[in-house]
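S.K.: Quick one: sequence and predicted model below, then my questions.
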Amino acid sequence: MAQHPTNDLTVDYLTSAKKQFAYYKLLGEQTMSQVSDEALFWQYNEESNSIALIVKHLWGNMLSRWTDFLLTDGEKELRNRESEFENDMQTRDQVMARWQAGWDCLLTTLDGLQREDFQQEIFIRNMGHSVVEAINRQLAHYPYHVGQIVFIGKMVCNEKWTSLSIPRGHSEAYNADKFAQPKRKEHFTDELLR
C-alpha cells in the first residue's frame, strides 16, 4: 500500500529540522572549543550577554519548550526566564553541561515524534501552534542565539579564530571543487558547515 504523500512530507520535514538543529549545535560547540574558559564569561558591556549567559538562556528555553512537548504548555511554570540572564556558573564544564542538557531534551523529543503527533495542537504561552509551527519557531530562535555565540567567539579569538565556513579568499577554489564533482543529494556532514 502506498504511503500518503503527507506522511512522506512529515518525515522529510522532521529529518530536515533535526539536521538543521544539529548543524547549529555543532556551530556553537566549534565556537566554544576555540575560546578560552575566561572568554566564555566575557561581556562587551553590562547590557550584553556572555556566551555562558546565552547558553543558560538556550538551556532554559529548551527544557521549557521540549519537556512534555505534546502535553503541556511550552512555557513551563517552573521556568524562571529572568534568572537565565544572571550568571551562576564559574566553569566551562558547567556551561557545557547546560548546553548538552538543553540540546538532549530537544533532540530526544524530536526523535520521539510520530507522524500522528503532527495532527496535534500544542501551546506556547497559551497560544496554539501546530507541531510544525512550534518546531519552526525554535528553528528560528536557536540559530539567532548561536549566531551571537559565533560573533562573540570571533571577537574574543580575533586573529586566532578558525573559520567555521569557507575562509576568506577561498570561495573560488571551494566552488570550483564542488562544481567539478557529480551532482548528489546533500547529507549531514561537516560539508554543511561550508
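M.R.: Perfect, I can see it now.

S.K.: in the chain, which spans are strands?
M.R.: Here the chain has its strands, by DSSP state E, at 121-124, 127-130.

S.K.: How far does the helix or strand of the chain with the lowest mean pLDDT sit from its chain's centre?
M.R.: Ranked by mean pLDDT, DSSP states H and E, the weakest helix or strand in the chain is helix 171-179, scoring a mean of 86. Distance of helix 171-179 from its chain centroid, counting by C-alpha atoms, centre = their mean, to the nearest Å, is 28 Å.

S.K.: Then stretch 137-156?
M.R.: Averaging C-alpha positions (C-alpha atoms, centre = their mean) puts stretch 137-156 8 Å from its chain's average.

S.K.: Check stretch 120-133 too.
M.R.: On the basis of C-alpha atoms, centre = their mean, stretch 120-133 sits 20 Å off its chain's mean C-alpha point.

S.K.: Identify each buried residue in that stretch, please.
M.R.: If you call a residue buried by 16 or more other C-beta atoms under 10 Å, then stretch 120-133 has these buried ones: Ile122, Ile124, His129, Val131. From N, CA and C alone the C-beta is placed, and that goes for glycine too.

S.K.: Span of that stretch from start to end?
M.R.: For stretch 120-133, the first-to-last residue distance is 11 Å (C-alpha to C-alpha, to the nearest Å).

S.K.: now stretch 82-91
M.R.: For stretch 82-91, the end-to-end distance is 21 Å (C-alpha to C-alpha).

S.K.: Same check on stretch 154-165?
M.R.: Using C-alpha to C-alpha, the two ends of stretch 154-165 sit 12 Å apart.

S.K.: ends of stretch 73-83, how far apart?
M.R.: Start-to-end, stretch 73-83 (C-alpha to C-alpha) is 20 Å.

S.K.: pLDDT on that stretch, on average?
M.R.: Model confidence over stretch 73-83, given as mean pLDDT, is 92.

S.K.: Pass me the low-pLDDT residue ranges in this protein, would you?
M.R.: In the predicted model of the chain, residues 1-7, 186-194 satisfy pLDDT under 70.

S.K.: where along it do the helices fall?
M.R.: 5-32, 51-66, 92-112, 131-157, 171-179 (DSSP state H).
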